[in-house]
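Student: Sharing a model that was predicted from the sequence below.
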Amino acid sequence: MNDITLAPIQPDQPSHLMATYGRQAISFVRGRGAYLYTEDGTEYLDALTGIAVCGLGHAHPVIAEAIAEQAATLVHTSNLFEIPWQTAAAQKLAEVSGMEEIFFSNSGAESNEGAIKIARKFGTQQGVSSPKIIVAEQSFHGRTLATLSATGNKKVQDGFAPLTNDFIRVPFGDVEAIQEAALQHPDIVAILIEPIQGEGGINTAPQGFSYLEEVRTICNQHNWLMMLDEIQTGNGRTGKYFAYQHTNIVPDVLTTAKGLGNGFPVGAVMTQGKAVGLLGPGSHGSTYGGTVLGSRVVYTVIDTIQKENAVENAAVVGGYIVDQLRAQLADKNVQVRGFGMMIGIQLPKDCAELVAIARDQHKLIINVTAGSVVRLLPPINMTQAQADDLLERLVALINNYL
Ligand SMILES: *Cc1c(COP(=O)(O)O)cnc(C)c1O
């Protein structure tokens, strides 16, 4: 092992990092399962997992070993060659997703870019010269130019005009607004939505997952592609492998990233049905997409999720957390929303400061989104005992605050 140690950062040392993030003044040097550790050994319970990324927890031994062994064998050859691990990863992902074709990318935004290209190609083939995609208010689809244009959040778009003109926005859950848009815009070719809006505040549609079934019906009526952004909701997070599996429908295009690599940067855009075959040779690519190393990680993550029954665990233990929160916070003015290990606690007021209070006073890592929603994204393989640990810290936090 090489033993390079970093000199401690001095408080007055100028940073060369672009100031794009509001960072907390803490850093972790080690992780294990649901826990993170600072240099001095202080233990924190992690109910955020790198924003829904490390679903199997930190430093999972099986995944760590796969990374180390593959890194010492072969990392990258390029897509000019056959990559058996990529073929095997696609096979596994097809199995758990119900999709037919898979293109590997490196991030969520890049996966959604692939979906948007597929929609444009689909439209172009039908003679639509300026294909349009319906998207939802309060959605989040990424930070590239096309995906920030799709995103329903002005803060993400501010200062980056011109936005691409692919998108028509409707309220999330509003089926009539979609039918209305269909009447006004004959050039619509697809709908892109999140089954549960993550950044938007852990929102399902008012009618729940039946919204997805209604959207499927409308897409069939108009011959549109139904495209689901499961970058956050995928990979077992909601107690099904993909959130759409809470319903009886299947989307035409499915994107994922976050939990797909348990921290290794990978993403995927997947197709089935009428979306298959739209991207042929030369039409799309990514140098780092589906490297030998990245593909082995994807394969190993899916295999491990299956062997640990982590999806079922997310449903059971996540359900327990939601039930307990509802019971233990019954006398507080809060609403608990959630599926599996994707849980939001809607507070009656803005609560961004809870992040620091949870961290400093309860040694608990959480996130606050949409101003007043405590967002919990614990490991999907969290044990019952860890869930009780989480509940104890969280209920104390919220009881003290409200
Ligand atoms: C995180 C996220 C993205 C963007 O993923 P990146 O990897 O940051 O590009 C897109 N859509 C949803 C729903 C997300 O949660």
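Tutor: Ah, there it is.
Student: list the contacts for the residue in the stretch 201-350 of the chain that the ligand sits nearest to?
Tutor: Relative to the ligand, the nearest point of the stretch 201-350 of the chain is residue 232 (3.4 Å; Cβ to the nearest ligand atom). Heads up, the C-betas are built off the backbone N, CA and C, glycines and all. Taking Cβ atoms under 8 Å, 6 or more residues apart in numbering, we find residue 232 in contact with 51-52, 108, 194, 196, 198-199, 258, 342, 377.
Student: The ligand contacts on the protein?
Tutor: Within the chain, the positions near the ligand by Cβ under 6 Å from any ligand atom are 107-109, 112, 140-142, 194, 198-199, 229, 231-232, 257-258.
Student: what helices or strands is the helix or strand hosting residue 178 leaning on?
Tutor: Per DSSP states H and E: residue 178 is located in helix 175-184. Counting contacts by 3 or more Cβ pairs under 8 Å, 6 or more residues apart in numbering; DSSP states H and E, helix 175-184 packs against strand 167-170, strand 188-193, helix 210-222.
Student: hmm, 7 Å instead?
Tutor: Contacts defined by 3 or more Cβ pairs under 7 Å, 6 or more residues apart in numbering; DSSP states H and E place helix 175-184 against strand 167-170, helix 210-222.
Student: Now do it against helix 210-222, angle only.
Tutor: If you take axes from the mean of the first three to the mean of the last three Cα atoms, to 10 degrees, helix 175-184 sits at 20 degrees to helix 210-222.
Student: Quick one: distance of helix 175-184 to the chain centre.
Tutor: Once both centres are worked out by Cα atoms, centre = their mean, to the nearest Å, helix 175-184 turns out to sit 28 Å from its chain's centre.
Student: next one: stretch 234-247
Tutor: That offset, for stretch 234-247, works out to 11 Å (Cα atoms, centre = their mean).
Student: Look at that stretch and report the distance between its end residues.
Tutor: 14 Å (Cα to Cα, to the nearest Å).
Student: Provide a list of residues in contact with residue 204.
Tutor: residue 196 (Cβ atoms under 7 Å, 6 or more residues apart in numbering).
Student: Check the secondary structure at residue 336 for me.
Tutor: What DSSP: H, G, I helix; E, B strand; the rest coil gives for residue 336 is strand.
Student: looking at it, it is touching residue 326, isn't it?
Tutor: Yes. Using Cβ atoms under 7 Å, residue 336 is in contact with residue 326, at 5.0 Å.
Student: the more surrounded of these two?
Tutor: Using other Cβ atoms under 10 Å, the more surrounded residue of residue 336 and residue 326 is residue 336, with 21 against 14.
Student: looking at the sheet around that one, what are its partners?
Tutor: residue 345 (DSSP bridges).
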